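Novice: Generate a structure from the sequence data that follows.
(one chain, ligands or ions: 1)
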Amino acid sequence: NIFKITVFAIFLLNAFALSAQEHSLKIIPEPLQVQVNNGSFTLKKENVIYLDTNFLEAQPEVKQLQQLIVNKAKIDLPIVNRDSNKKVGIHVFRDPKIKNKEGYVLDIDARGIHLSAAHRTGLFYGIQTLAQIFPVPIENIPLEKLPFLSITDSPRFPYRSLMLDPARHFLPIEDIKKYIDVMAAYKYNHLHLHLTDDQGWRIEIKEYPLLTEIGSKRKETDGDGQPHSGFYTQEELEDLVAYARTKHVEIIPEIDMPGHGLSILAAYPNLACFPRKFEVSTVPGVSKELLCAGKKEVYEFYEHIISEVASIFPNTKMHIGGDEAPLDQWEKCPNCQKTMQENSLEKEEELMAYFFDRINNILINYDKEPLLWYESNVENYPKNSTVILWRYEEPDVKLREIQSRGLKMINSYGGNVYFDYPQWEGDIPKTNWMNIISLEKTYAFDPVRGLPEEENNFIIGVEGCVWGEYVPNIDRAFYMTYPRALALAEAGWSTDKNRSWENFQKKLDKHFIRFINEGINFRPPNELSKK
Ligand code: TNX
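Specialist: Numbering: from 1, shown residues only. Okay, the predicted model is just below:
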């Protein structure tokens, strides 16, 4: 990998040396409106960062702006709380006329840099854009020199997410923080953590200590044959949530139910329809086990889990899984059948709906609403659900189903944005269930699948998934994520009118140079090296 990256870096440096001299903005995701004007502003040691007195809650963001200028231009500017648009310098002010909470306006002219937003989040995104405008060292431009320009920006979708899977391979908290740093720079605002699966339970639950004592450990791991373990304490997760908030990222915890639960049953086998000795799975693939929908202990179990999870993660959405649950087990289970009779349910698909309703009633008590992987066969979803479209087969049929069921939807279609899939022929992982998803294929992702604007507002955003069966550490996660997540960032933030594959390709070199400088792993895309 390191070798490949070095070769590619040399290729890029050459390409850049030829085209340098002038500022190249190359902002990803592409902003709503960009106008570049003649002239440039050069930051000086005498400049001051002025923070509007009615925007004082934005102090943490302004400190990040100050640090950015230290990092990029090597100048440490003081912050002054004063409205002063007359003096040359950096001016941060509140503009309540900016309608979108995530929107901002960035102007650079002879009087300096002007950043305005109605809300701290918009200011944060303005700062991320400014960060990309600074020249990269090899551009041959003084690092403190910025082009005159005027940018007005706001996102296409409110929900822009990536998913990591520490259940299949544990990822240390510090590594997840690094991952958040990079995604936030590209204006992603949610990180979905898949915390539980057949291969491991990764979150401390005080009421059920065996979940981590037994469920977080497995004997050996497919691929390397080594034992594998790890979990997050509640304190560590609280710290992660607080860290993510400084980057305007919300963490969405996922407790996958009622399937994908071997790590639970290894610890508490009585929660199964047919209790026996279970083991945490050591191989990829879905187990046939479900937690029993006919036992009151199962609902009590989830009540405790939800109450503890809710106290760690303050956001409203909680992911409760719901994917790939083979229902034949409930069909054979006397407790499940009894529950069905008592509630006049005829099919196991209705029992699934009943199960989610009961879970949802618990969620409501904790001010949470459910997020679920969408499965067509589930008879009904709670009305307040948001579902994720992910399955490869018949995406347009599923999209219409979701629409007609009146649910909100996040698009994570496995044909474009499954980042655990290989990026080119011959890449790992080599499996029989994965297609190749090249950078171009991710770029071609249409989150609304052609639905006209009047009909598509149930689609609230996008998510790229980095499933972890073959992702043993964060370096590999970065390699699988980038640059495809740059393509998805444009699908989530930029309008269709403003984005094109041609233009996107031309912007990548500046970002790759930054990745190389910052030690962020990525896969050099074949599409570029072929040119
Ligand atoms: C399907 S996507 C799964 C995951 C696997 C993934 C591998 C989804 C909701 N379920 O459990 O990790 O495929 O690509």
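Novice: Around the ligand, which positions in the chain sit nearby?
Specialist: By the rule Cβ under 6 Å from any ligand atom, the part of the chain lying against the ligand is 323-324, 373, 390, 418, 420, 467, 469. Heads up, the C-betas are built off the backbone N, CA and C, glycines and all.
Novice: Show me the two of the residues you listed that sit farthest apart.
Specialist: Farthest pair in those (Cβ to Cβ) is 373 and 469. Separation: 16.3 Å.
Novice: Now do the contacts for residue 381.
Specialist: Residue 381 is in contact with 353, 356, 370, 372, 387, 405, 407, counting by Cβ atoms under 8 Å, 6 or more residues apart in numbering.
Novice: Please, where are all the strands along the stretch 201-350 of the chain?
Specialist: 217-218, 228-229, 250-257, 317-321 (DSSP state E, counting those that start in this stretch).
Novice: May I have the beta-bridge partners of the residue positioned nearest the centre of the chain?
Specialist: Centroid-nearest residue in the chain, with Cα atoms, centre = their mean: residue 162, separated by 1.9 Å. Beta bridges link residue 162 to residue 191, residue 464, judged by DSSP bridges.
Novice: circling back: using JSON lines, please lay out the strands of the stretch 201-350 of the chain together with mean pLDDT.
Specialist: As requested, these are exported to JSON lines (pLDDT from 0 to 100):
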{"stretch": "strand 217-218", "mean pLDDT": "98"}
{"stretch": "strand 228-229", "mean pLDDT": "96"}
{"stretch": "strand 250-257", "mean pLDDT": "98"}
{"stretch": "strand 317-321", "mean pLDDT": "98"}
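Novice: For these, please prepare TSV with the additional fields mean neighbour count.
Specialist: Shown next, in TSV, are those (neighbours: other Cβ atoms under 10 Å):
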stretch	mean neighbour count
strand 217-218	20
strand 228-229	17
strand 250-257	22
strand 317-321	22
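Novice: is it possible to export those to TSV including distance to residue 366?
Specialist: Below are the strands of the stretch 201-350 of the chain laid out as TSV (distance: least, Cβ to Cβ, whole Å):
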stretch	distance to residue 366
strand 217-218	29
strand 228-229	29
strand 250-257	12
strand 317-321	8
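Novice: and residue 135, which of the ones you listed is closest to it?
Specialist: Taking Cβ to Cβ, strand 250-257 is the member of the strands of the stretch 201-350 of the chain nearest to residue 135, at 32.3 Å.
Novice: Return the distance of the closest one from the chain's centre.
Specialist: Centre-to-centre, strand 250-257 and its host chain are 12 Å apart (Cα atoms, centre = their mean, to the nearest Å).
Novice: So which elements touch that strand?
Specialist: For strand 250-257, the packing partners by 3 or more Cβ pairs under 8 Å, 6 or more residues apart in numbering; DSSP states H and E come out as strand 190-194, strand 196-197, helix 234-246, helix 296-312, strand 317-321.
Novice: which regions of the stretch 401-531 of the chain lie under the pLDDT threshold?
Specialist: The model of the stretch 401-531 of the chain has pLDDT under 70 over residues 431-433, 529-531.
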